[in-house]
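# here's my sequence, what's the structure:
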Amino acid sequence: MNPEIRAAVVEFGTISGESLAQNVIAALLYFAIGVVVLAAGFLMVDLLTPGNLRQMVFVERRPNAVAVACGMYAALATVVVSAIVSSSNELGQGLVDAAVYGLVGVLLQGLALVVLEVVVPGRFRDLIADERLHPAAIATAVTLLAVGGVNAAALS
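The predicted model follows:
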């Protein structure tokens with residue numbers, strides 16, 4: 001074959017339907033684990049803050065509730081991603097690893113919120129429903145991100 005023509009040829013190699021199907025199933029199962037962990041995190045924040053967090057975030061658009069919920073989601077997503085990347089090559093064990101590490105992440109995020117409530121002056125939980133963004137909401141979101149980052153790094 002002419003070297004110029006050979007340079008233009010793209011080699012795809014072999015395509016494995018079995019491997020593709022297994023990876024699609026793994027992606028769907030890891031997605032389900034991620035949804036469960038994020039839902040658990042949302043419920044945990046809802047329990048630790050006054051009022052209905054879902055109502056405040058999605059209906060009333062309270063900026064403090066949105067900031068804290070977003071910090072929680074980003075932190076837990078970091079934990080779940082790290083758990084998936086560092087989990088076992090065996091799918092079953094990997095799913096268990098991701099679920100356990102994700103739920104430990106939820107507990108650590110809850111602990112971080114409780115510690116903030118104890119050590120920070122004033123009651124942050126009372127600011128969640130405010131209509132104006134409060135600097136404490138941003139500080140709380142960043143704290144949650146930091147705790148999530150540390151938790152994720154511990155998994156690798």
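# in this structure, where is pLDDT below threshold?
The chain contains residues with pLDDT under 70 at 1-12.
# could you redo the last one with a cut-off of 80?
1-18, 87-88, 122-126, 155-156 (pLDDT under 80).
# buried sites along the top helix by length along it?
When the chain is parsed with DSSP state H, its longest helix is helix 17-48. Neighbour counts over helix 17-48 (16 or more other CB atoms under 10 Å) mark 30, 33-34, 36-38, 40-42, 44-46, 48 as buried. Glycine gets a C-beta too; all of them are placed from N, C-alpha and C.
# mind listing what Trp128 touches?
Quick fix: residue 128 is Ile, not Trp. The contact partners of Ile128, taken as CB atoms under 8 Å, 6 or more residues apart in numbering, are 49-51, 53, 56, 62, 64-65, 68, 137.
# after the longest helix of the chain, next one along is what?
Next helix or strand after helix 17-48 toward the C-terminus (DSSP states H and E): helix 53-54.
# just checking, what packs against that next one?
When contacts are defined as 3 or more CB pairs under 8 Å, 6 or more residues apart in numbering; DSSP states H and E, helix 53-54 packs onto helix 17-48.
# just the helices from the protein, written as ranges.
3-8, 17-48, 53-54, 63-86, 91-119, 135-155.
# thinking again about what came up before, what packs against the longest helix of the chain?
Counting by 3+ CB pairs under 8 Å, 6+ apart, helix 17-48 packs on helix 53-54, helix 63-86, helix 91-119.
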